[in-house]
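Engineer: A predicted structure for the sequence below; I have some questions about it.
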Amino acid sequence: MNKQTLIELFEANAHKLTYARIENGRYLGWMGDLGLVDANGNHLGLDLDNEKDRFLLFVCAIAWSRPGFWENAVYLTAFLKDSDLTDVKEWRKDSFIYGQVVSRKENALKARESFQGINPRKAISFRKDVFKSIQILAKNWSELKEKLNEVSKTGDFYAFASYLRSIEGLGVGKNKMLIKIPLILRELKCSGFYPNIPGELCCIPDKRVKDAANKLGFSLPSNTSLENVFRSSKIIFSLFGDYYDMPLFAYDDIIL
């Protein structure tokens, strides 16, 4: 299999994949339609022109930074959106966090029963430590917004990525976010909210993508630093352009 064959298979099968909205050779982003519908048949997604939904984009990246399947992060994002648990000021309160943590198993089950469209490979679960990281995100939200607005004028989105990377606790335990930072940039770019984000910063070299790259015959740098993550992103973008990492992400779903 070569790159062009994978692109053709991706294009031919994109309509079957809940995460692969494409149009005229361009990926439209994941967050606009999470691939889930509620009991009334309404599609659940984020409108990144809305600040609360932009907050949820970061939440999705935080949840996805944990070990486990991507479905957990998507279901959590949809659940918080559908339940209107999106108030940044509330997320800063310990009492609010505690209330979400103690009910996380019940909420995960509720989300799985309420939304259709994705068939999770395993039972949906919401990790306890995600909620503490969301609180840390909320406490840093004003500064993050300010930094994003600054770099949108200069075009130096790497500076924003470095700033986001510096915040302790957005990853597991006291760890910092790393591999999913390009997810945030990609979705902000695809939504048109910050269209000047360079595509070279928007490809996510997670394990699923790296495994597919190996199957395709090329390797990516180890995710040991932000610099290496973006080296990988640049390689992927040079191969797949405005499809970003999605053909590689979809590899196992389209190569039967």
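Structural biologist: That came through fine.

Engineer: pLDDT weak spots in the stretch 1-150 of the chain?
Structural biologist: In the predicted model of the stretch 1-150 of the chain, no residue satisfies pLDDT under 70.

Engineer: just the helices in the stretch 151-256 of the chain please.
Structural biologist: 157-165, 181-190, 207-216, 226-240, 246-249, 251-254 (DSSP state H, counting those that start in this stretch).

Engineer: can you redo these as a markdown table with distance to residue 38 and mean neighbour count?
Structural biologist: For glycine as for every other residue, the C-beta is placed from the backbone atoms N, C-alpha and C. Formatted as a markdown table, these follow (distance: least, Cβ to Cβ, whole Å; neighbours: other Cβ atoms under 10 Å):
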| stretch | distance to residue 38 | mean neighbour count |
| --- | --- | --- |
| helix 157-165 | 31 | 19 |
| helix 181-190 | 21 | 25 |
| helix 207-216 | 27 | 17 |
| helix 226-240 | 32 | 20 |
| helix 246-249 | 25 | 25 |
| helix 251-254 | 24 | 16 |
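
Engineer: need these in TSV (columns: distance to residue 64 and mean pLDDT).
Structural biologist: Shown next, in TSV, are the helices of the stretch 151-256 of the chain (distance: least, Cβ to Cβ, whole Å; pLDDT from 0 to 100):
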stretch	distance to residue 64	mean pLDDT
helix 157-165	14	97
helix 181-190	7	98
helix 207-216	11	96
helix 226-240	14	98
helix 246-249	12	98
helix 251-254	17	94
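
Engineer: between the ones you listed, which one is nearest to residue 47?
Structural biologist: Each of the helices of the stretch 151-256 of the chain has some distance to residue 47 by Cβ to Cβ; the shortest is helix 181-190, at 11.6 Å.

Engineer: elements contacting that closest one?
Structural biologist: helix 51-64, helix 157-165, helix 226-240 (3 or more Cβ pairs under 8 Å, 6 or more residues apart in numbering; DSSP states H and E).

Engineer: got the angle for that helix vs helix 51-64?
Structural biologist: In terms of direction (axes from the mean of the first three to the mean of the last three Cα atoms, to 10 degrees), helix 181-190 departs from helix 51-64 by 150 degrees.

Engineer: which residues does helix 181-190 contact?
Structural biologist: Residues outside helix 181-190 that contact it (Cβ atoms under 8 Å, 6 or more residues apart in numbering) are 27-32, 48, 54, 57-58, 60-61, 64, 157, 161, 164-165, 194-195, 197, 199, 201-205, 226, 229-230, 233, 244-245.

Engineer: residue 127: which of the helices and strands packed on helix 181-190 is closest?
Structural biologist: Closest among the helices and strands packed on helix 181-190, once you apply Cβ to Cβ, is helix 51-64, at 7.5 Å.

Engineer: can you tell me which helices and strands the following helix or strand past the closest one packs against?
Structural biologist: Moving toward the C-terminus from helix 51-64, the next helix or strand (DSSP states H and E) is helix 70-82. Here helix 70-82 touches strand 36-37, strand 43-44, helix 51-64, helix 104-114, going by 3+ Cβ pairs under 8 Å, 6+ apart.

Engineer: tabulate the helices of the stretch 151-256 of the chain (TSV), appending distance to residue 109.
Structural biologist: Formatted as TSV, the helices of the stretch 151-256 of the chain follow (distance: least, Cβ to Cβ, whole Å):
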stretch	distance to residue 109
helix 157-165	32
helix 181-190	26
helix 207-216	26
helix 226-240	34
helix 246-249	27
helix 251-254	25
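
Engineer: returning to what we had before: which one of the helices and strands packed on helix 181-190 lies closest to residue 39?
Structural biologist: Of the helices and strands packed on helix 181-190, the one closest to residue 39 (Cβ to Cβ) turns out to be helix 51-64, at 20.3 Å.
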